[in-house]
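Enquirer: I would like to see how this sequence folds:
(chains A and B)
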Amino acid sequence: MKRLLVVGGCLLLAACASTPSHPQDPLEPLNRAVYRFNDAADKAVLKPVAQAYQKVTPQPVRTGVGNFFDNLRDVYSAANHTLQGKAELALTDVLRVSFNSTFGLFGLIDIATPMGLKSSKATLGDTFAHYGWQDSSYLVLPLLGPSTVRDGSGMLISNSLEPATGVFQTHTQATAARVLNAVNTREKLLGLEEVVDGAALDNYSYVRDGFLQMRAHQLGLPQGKQQQEEDLNIDDLVDDADASAPVTNDASAPEAKDASAP
Amino acid sequence: MKKLFACFALLFGLSSVAHAADTPVDLVRDTSRQALEMLSKDNGKNSAKVREQLISMVTPKFDFQRMTALAVGKDWRAATPAQKQQLAKEFETLLVGTYSATMTRFKNAQIEIKPNALLNNEGREAVVKSEVTLPGSAEKKPINVDYTLYKTPQGWKVFNVTVEGGSLVTIYRNQFGEQVRKSGIDGLIKSLQDKNSGAKAT
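Expert: The predicted structure follows:
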């Protein structure tokens, strides 16, 4: 907890000092530092552990572990859907938890999904966004990776509420569970870092922009304003380029053929 | 008369051969089907050959010049035709290299192409939606992959791909912009060349 306060203090300092290259990343210098730390920690510890974990555990076990933590997340999700006033989704979450926790052997088997109870996990960050906190600065959390100030705060509050205390009896158990969850999650993402290494000119910026685009999409928000304006101009942008100018005259021909189909 | 013939052709199921890829949905569907077919022939020994085949089948469906323009954004206007060509060439190499390396992961993927494309821009632009499911992975939710195409004299071409809302193209805009700000268009070309030749770019 103390550590988080220190991080929070650093955030405020960094926020004053920077000139952002991305409008949603005023904390870039700090974020880059945390990103480098995470990257080093991942290479030294988490990735090798996840690789070993992948070797020693069969897929059904890993799926079971994933399901178990998903089931706990459904508890949070039910609460957040309720907070957002989405009764139907909240009810789905409650039903998912009750089926998976009982017939699904304490959540190890996800029987709710094949039953037609779709998983749609809501977090406290989603709830904040629902009530108007839509634009939030990018924030790289130590060890946890890409997030936003909004989602990070949500996570912090959710964790301090600990409904999981009903599941894990001691502090040690809860910590062990967190580690297992982290390793299991990392295992699912093995191979991703190679894609980033292969694709990105600047890994930090690649991960950030990818994360922010996906998160905006998840929340049903429009992409950043700057980007949208430029996207609209794609025809203008390539108009002067020789061969790639769009056709206007031929455009109707293939469609007419399609239209002839009954 | 021609129309009537087209109707018959459709009725007899000849259409898939006769006008494959007439619509954006057909193009995406045919391409994914062919890609999966090619990948299924991969037996571990012929991977390099399969990859070659796949690349030469898939790349003509993309318009890399337009893709690069989209990735670069407003700086594209400042580039000379020669620079544009170089940029597009290097960007193509980067994308093809990156994503062909991951293709074998999709060997047993199930791809469902949504039958209705979203048409924009007076029907000249289309977004085809698809869902990709990877069997055996712990992730049960299908991944949403959208393709944006536009109409050219050579048929429909893809110029943007988004995965769960993240664009594989515009994800580069800030990185490219940063390079251009630092060292101009030529600097960007150079850093792409370095990246493609395996040197670690900054």
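
Enquirer: check contacts around residue A:51.
Expert: A:187, A:190 (Cβ atoms under 8 Å, 6 or more residues apart in numbering or on different chains). C-beta: built from backbone N, CA, C; applies to glycine.

Enquirer: now name the helix or strand holding residue B:157.
Expert: Residue B:157 belongs to strand B:155-163 when assigned by DSSP states H and E.

Enquirer: next one: residue A:221
Expert: Residue A:221 belongs to no helix or strand, assigned by DSSP H and E.

Enquirer: tell me the contacts of it?
Expert: A:129, A:134.

Enquirer: could you measure from it over to residue A:132?
Expert: 11 Å (Cβ to Cβ, to the nearest Å).

Enquirer: same question for residue A:147.
Expert: Counting by Cβ to Cβ - residue A:147 and residue A:132 are separated by 19 Å.

Enquirer: and if you look at residue A:123?
Expert: Taken as Cβ to Cβ, the span from residue A:123 to residue A:132 is 16 Å.

Enquirer: between these two, which one's more packed in?
Expert: Comparing residue A:123 with residue A:132 by neighbour count (other Cβ atoms under 10 Å in any protein chain shown), the higher total belongs to residue A:123, at 18 against 7.

Enquirer: how about the helices in chain B?
Expert: For chain B, the helices defined by DSSP state H cover B:2-11, B:15-18, B:24-40, B:47-58, B:64-72, B:81-101, B:173-196.

Enquirer: looking at chain B, which residue is nearest chain A?
Expert: residue B:165 (2.2 Å; Cβ to the nearest Cβ).

Enquirer: what pLDDT does the closest residue in space to that residue that isn't next to it in sequence get?
Expert: Computed as Cβ to Cβ, 6 or more residues apart in numbering or on different chains, the closest residue to residue B:165 that is not its neighbour in sequence is residue A:217, at 2.2 Å. Confidence at residue A:217, expressed as pLDDT, is 83.

Enquirer: what helix or strand is residue A:217 on?
Expert: Counting by DSSP H and E, residue A:217 is part of helix A:203-218.

Enquirer: point out where the stretch 1-150 of chain A drops to low pLDDT.
Expert: Filtered on pLDDT under 70, the stretch 1-150 of chain A yields the residue ranges A:1-20.

Enquirer: re the thing from before, now for the helix holding residue A:217, which elements pack on it?
Expert: Secondary-structure packing of helix A:203-218 (3 or more Cβ pairs under 8 Å, 6 or more residues apart in numbering or on different chains; DSSP states H and E): helix A:28-41, strand A:138-141, strand A:145-148, helix A:192-199, strand B:155-163, strand B:166-167, helix B:173-196.

Enquirer: between that helix and helix A:28-41, how big is the angle?
Expert: Helix A:203-218 runs at 100 degrees relative to helix A:28-41, counting by axes from the mean of the first three to the mean of the last three Cα atoms, to 10 degrees.

Enquirer: return the set of buried residues in helix A:203-218.
Expert: A:203-217 (16 or more other Cβ atoms under 10 Å in any protein chain shown).

Enquirer: ok, the residue at minimal distance from the centre of chain A - contacts?
Expert: Residue closest to the average C-alpha location in chain A (Cα atoms, centre = their mean): residue A:215, at 6.5 Å. Going by Cβ under 8 Å, 6+ apart, residue A:215 touches A:148, A:151.

Enquirer: where does pLDDT dip in chain B?
Expert: Along chain B, the model assigns pLDDT under 70 to residues B:1-21, B:136-140, B:199-202.

Enquirer: cutoff 80 now
Expert: B:1-22, B:42-47, B:101-108, B:117, B:120-123, B:134-141, B:198-202 (pLDDT under 80).

Enquirer: ok, which of the helices and strands packed on helix A:203-218 comes nearest residue A:70?
Expert: With Cβ to Cβ, the closest approach to residue A:70 among those belongs to strand A:145-148: 18.4 Å.

Enquirer: quick one: the closest one near chain B?
Expert: No. Judged by Cβ under 8 Å from any Cβ of the partner chain, strand A:145-148 stays clear of chain B, getting no closer than 11.5 Å.

Enquirer: helix A:203-218 and the helix or strand just after that strand, what's the angle between them?
Expert: Using DSSP H and E, the next helix or strand after strand A:145-148 towards the C-terminus is helix A:149-161. Orientation note: helix A:149-161 sits at an angle of 80 degrees relative to helix A:203-218 (the same axes, to 10 degrees).

Enquirer: and the helix or strand where residue A:90 lies, is it in reach of chain B?
Expert: Element membership for residue A:90, per DSSP H and E: helix A:87-102. No. Helix A:87-102 stays clear of chain B (Cβ under 8 Å from any Cβ), getting no nearer than 12.4 Å.

Enquirer: the helix or strand just after that helix and chain B, any residue contact?
Expert: Using DSSP H and E, the helix or strand that follows helix A:87-102 in sequence is helix A:124-130. No. On the criterion Cβ under 8 Å from any Cβ, helix A:124-130 is out of touch with chain B, staying 14.3 Å away.

Enquirer: what distance separates helix A:124-130 from the centre of its chain?
Expert: 13 Å (Cα atoms, centre = their mean, to the nearest Å).

Enquirer: which among the helices and strands packed on helix A:203-218 is found nearest to residue A:96?
Expert: Judging the helices and strands packed on helix A:203-218 by Cβ to Cβ, what sits closest to residue A:96 is strand A:145-148, at 24.7 Å.

Enquirer: give me the sheet partners of that closest one and which way each runs.
Expert: strand A:138-141 (antiparallel) (DSSP bridges).

Enquirer: is any residue of the helix or strand where residue A:178 lies near chain B?
Expert: Under the criterion DSSP H and E, the helix or strand holding residue A:178 is helix A:171-188. Yes. Counting by Cβ under 8 Å from any Cβ, chain B is contacted by helix A:171-188 at residue A:188.

Enquirer: would you mark the buried spots in that helix?
Expert: Buried, per 16+ other Cβ under 10 Å, within helix A:171-188: A:177, A:181-187.

Enquirer: now swap in stretch B:181-196 and tell me
Expert: B:185, B:188-193, B:195-196.

Enquirer: between these, which is nearest residue B:47?
Expert: residue B:196 (20.7 Å).

Enquirer: just to check, that closest one is in contact with residue B:94?
Expert: Yes. Residue B:196 is within contact range of residue B:94, at 5.8 Å (criterion: Cβ atoms under 8 Å).

Enquirer: residues contacting the residue in the stretch 151-262 of chain A that chain B sits nearest to?
Expert: Residue of the stretch 151-262 of chain A nearest chain B, by Cβ to the nearest Cβ: residue A:217 (2.2 Å). Counting by Cβ under 8 Å, 6+ apart, residue A:217 touches B:162, B:164-166.

Enquirer: can you list the residues you listed in a markdown table and add neighbour count?
Expert: Below are the contacts of residue A:217 laid out as a markdown table (neighbours: other Cβ atoms under 10 Å in any protein chain shown):
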| residue | neighbour count |
| --- | --- |
| B:162 | 21 |
| B:164 | 15 |
| B:165 | 19 |
| B:166 | 18 |
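
Enquirer: any idea how far residue A:72 is from residue B:170?
Expert: Per Cβ to Cβ, residue A:72 is found 35 Å from residue B:170.
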